[in-house]
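> this one's structure only:
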């Protein structure tokens, strides 16, 4: 393998002109013959037993060239990238140059590489530090929002006892585990308010059933930043401008996190593809 030219192109790509020399190409042709001979029929020989010279005499000297190029290209390309110390970040586009003969062949490979970055003057830069003041009322409001988000209003089929409330608060064995301690408050003869600290499948219904109760109704107090308490089945209310603004910010924040997670996943996947294979046995 011989690199005859290296040219930097726009958009962080590099074009390599690589020549596969005669001895390398001959080795690739021999491998192509061994790989392909079982598929070639030659009168007087069983499939796979005809000598290479006989096959080339019947079908032409170029009969194995295409397969040989496919064999020789990856090794030549990887060797060229290593020799030129390039940081390639994707698959190359390849173009054969000129004729392919027993003396070898030449190809151009254009591959994306890491961009060259020139840093400007960044030492000594300063930026004003914005002071964020958080009051006790702000903290209480945020804590109340988080509490409401995990709050459920529940009604059951029979009178609620103090024993039931204590068992619910301490944890109930369901799904081969014991639920985490949570806040439970009686709101009526057959109703209570519960603030969950985990989210198991049908958790509240399973907890009640384990204690001999059956859930009649289960309502959420809040979805994201929208409060639902006070609304009956089939009713609705208009959301306020403030709620709409906060809801939009929450959704945009989730979208940005989703994009960031996707970008990180693609980056890790790409780096995984570039890892060298470990040695065989």
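Yes, it's here. If you're wondering where the values come from, they're calculated on a predicted model, not measured in any experiment. Residues are numbered from 1 along each chain as shown.

> Give me the sheet partners of the helix or strand residue 105 falls within and which way each runs.
Using DSSP states H and E, residue 105 sits within strand 104-112. Sheet pairing for strand 104-112, assigned by DSSP bridges, gives strand 13-20 (antiparallel), strand 93-101 (antiparallel).

> Make CSV from those and add distance to residue 179 to it.
Every C-beta, even on glycine, is put in place using the N, C-alpha and C of the backbone. Formatted as CSV, the strands paired with strand 104-112 follow (distance: least, CB to CB, whole Å):
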stretch, distance to residue 179
strand 13-20, 57
strand 93-101, 58
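
> before we move on, back to that, the strand holding residue 105: which residues count as buried?
Within strand 104-112, the residues that qualify as buried are 104-109, 111-112, counting by 16 or more other CB atoms under 10 Å.

> Show me which of those is closest to residue 85.
When the buried residues of strand 104-112 are compared for distance to residue 85 (CB to CB), residue 111 comes out closest, at 13.3 Å.

> Quick one: residues contacting the closest one.
13-14, 16, 81, 86, 88, 90-93 (CB atoms under 8 Å, 6 or more residues apart in numbering).

> okay, residue 170: pLDDT?
Here, the pLDDT recorded for residue 170 equals 94.

> Would you mind measuring from it to residue 218?
21 Å (CB to CB, to the nearest Å).

> and what of residue 100?
Per CB to CB, residue 100 is found 74 Å from residue 218.

> and the two? which has more neighbours close in?
Neighbour totals were compared for residue 100 and residue 218, and residue 100 leads with 18 against 15 (other CB atoms under 10 Å).

> show me where the stretch 101-250 of the chain has helices.
For the stretch 101-250 of the chain, helices defined by DSSP state H, counting those that start in this stretch occupy the ranges 136-149, 162-170, 203-210, 241-274.

> And the third one, what does it pack against?
So that's helix 203-210. Contact analysis of helix 203-210 by 3 or more CB pairs under 8 Å, 6 or more residues apart in numbering; DSSP states H and E lists strand 151-156, strand 173-174, strand 215-220 as its packing neighbours.

> which one of the ones you listed has the most crowded surroundings?
Most buried of the helices and strands packed on helix 203-210, by mean neighbour count (mean count of other CB atoms under 10 Å): strand 151-156, with a mean of 19.

> other SSEs contacting it?
strand 191-195, helix 203-210, strand 215-220.

> out of those, nearest to residue 71?
When these are compared (using CB to CB), the closest one is helix 203-210, at 59.6 Å.

> Name the residues of the closest one that come out as buried.
In terms of neighbour count (16+ other CB under 10 Å), helix 203-210 has its buried residues at 203-208.

> to the chain's geometric centre, what's the distance from it?
Put simply, helix 203-210 sits 36 Å off its chain's centre (CA atoms, centre = their mean, to the nearest Å).

> just stretch 125-137 next, same as before
What separates the centre of stretch 125-137 from the centre of its chain is 35 Å, taken as CA atoms, centre = their mean.

> ends of it, how far apart?
End-to-end distance of stretch 125-137 (CA to CA, to the nearest Å): 36 Å.
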